[in-house]
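A.B. asks: Sequence and predicted model, in that order:
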Amino acid sequence: MSKFSLRKQLKSDRLGLSSSEIDDASLQAATHLLKTDLYQSSQSIALYLAFKNEIHCSKLIEQCFLDNKSCYLPVIKSNEEAFFVHYQENQKLIKSEFGIFEPEHSEDDVTDIEEIDLIITPLVGFDSRGHRLGMGAGFYDRVFQNKKHPFLCGLAYSSQEVEEVPVDDWDVNLDGVATEKEFKIFT
């Protein structure tokens, strides 16, 4: 199946989830991740604000603040550039041109990804080898390609796992994934 067809099918499936299904799965996935040594040993964590029924990071963001960890959120620009900025509790959020909320920021707020210990990524699909299917714009792949990057952990519904994600040369693999059923590391 092509990336386009697979993405379309998985996005459609995700849009059919109820608010309670999303909330329950998000809480369970967060609980699995929070129990890991990976989370416990990370002091700076990049997360995201959910869009179109993605598993949300609300519990993870809340826990980062409770644990005095630094929290970062992605900012996407129309020129296909993405970067991470430090996010403070109760910081004003603005809606981007893509309809995604992101922290109000200045150019000085951009953080080098090498300063981040753990990056939680949204996704549309993944497979048992850690291949990630994103929304199709390649923002995360461009940020991490040809760079030393921190541990990349997908946050997903278990139903988003597929037999095989088609892969291109520029795709960057996940190191692990947290779902409502488990946390697993790809080798």
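C.D. replies: All right, it came through fine.

A.B. asks: following the longest helix anywhere in the chain, which helix or strand comes up?
C.D. replies: In the chain, with assignment by DSSP state H, the single longest helix is helix 19-34. Using DSSP states H and E, the next helix or strand after helix 19-34 towards the C-terminus is helix 37-41.

A.B. asks: Which residues are in contact with the residue nearest to Asn53 when sequence neighbours are not counted?
C.D. replies: Once flanking residues are discounted, Asn53 sits nearest to Arg14: 4.7 Å by Cβ to Cβ, 6 or more residues apart in numbering. C-beta: built from backbone N, CA, C; applies to glycine. By Cβ atoms under 8 Å, 6 or more residues apart in numbering, the residues touching Arg14 are 52-54, 124, 157, 160.

A.B. asks: and those residues as JSON lines, adding distance to Ala82 and neighbour count?
C.D. replies: Converted to JSON lines, the contacts of Arg14 look like this (distance: Cβ to Cβ, whole Å; neighbours: other Cβ atoms under 10 Å):
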{"residue": "Lys52", "distance to Ala82": "17", "neighbour count": "12"}
{"residue": "Asn53", "distance to Ala82": "21", "neighbour count": "17"}
{"residue": "Glu54", "distance to Ala82": "16", "neighbour count": "22"}
{"residue": "Val124", "distance to Ala82": "16", "neighbour count": "24"}
{"residue": "Tyr157", "distance to Ala82": "23", "neighbour count": "24"}
{"residue": "Gln160", "distance to Ala82": "21", "neighbour count": "22"}
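
A.B. asks: Let me know the closest of those to Leu60.
C.D. replies: Minimum distance to Leu60 across those is 12.7 Å, recorded for Glu54 (Cβ to Cβ).

A.B. asks: Now the host helix or strand of the residue nearest to Asn53: buried residues?
C.D. replies: Here Arg14 sits within helix 3-15, counting by DSSP H and E. Buried positions in helix 3-15, judged by neighbour count with 16 or more other Cβ atoms under 10 Å: 3, 6-7, 10-11, 14.

A.B. asks: With stretch 83-99 instead?
C.D. replies: Buried residues in stretch 83-99 (16+ other Cβ under 10 Å): 83-87, 96.

A.B. asks: Can you lay out these as a markdown table showing pLDDT, secondary structure and distance to Val172?
C.D. replies: Listed next are the buried residues of stretch 83-99 as a markdown table, based on pLDDT from 0 to 100; DSSP: H, G, I helix; E, B strand; the rest coil; distance: Cβ to Cβ, whole Å:
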| residue | pLDDT | secondary structure | distance to Val172 |
| --- | --- | --- | --- |
| Phe83 | 86 | strand | 16 |
| Phe84 | 90 | strand | 15 |
| Val85 | 94 | strand | 20 |
| His86 | 93 | strand | 23 |
| Tyr87 | 93 | strand | 23 |
| Ser96 | 84 | coil | 22 |
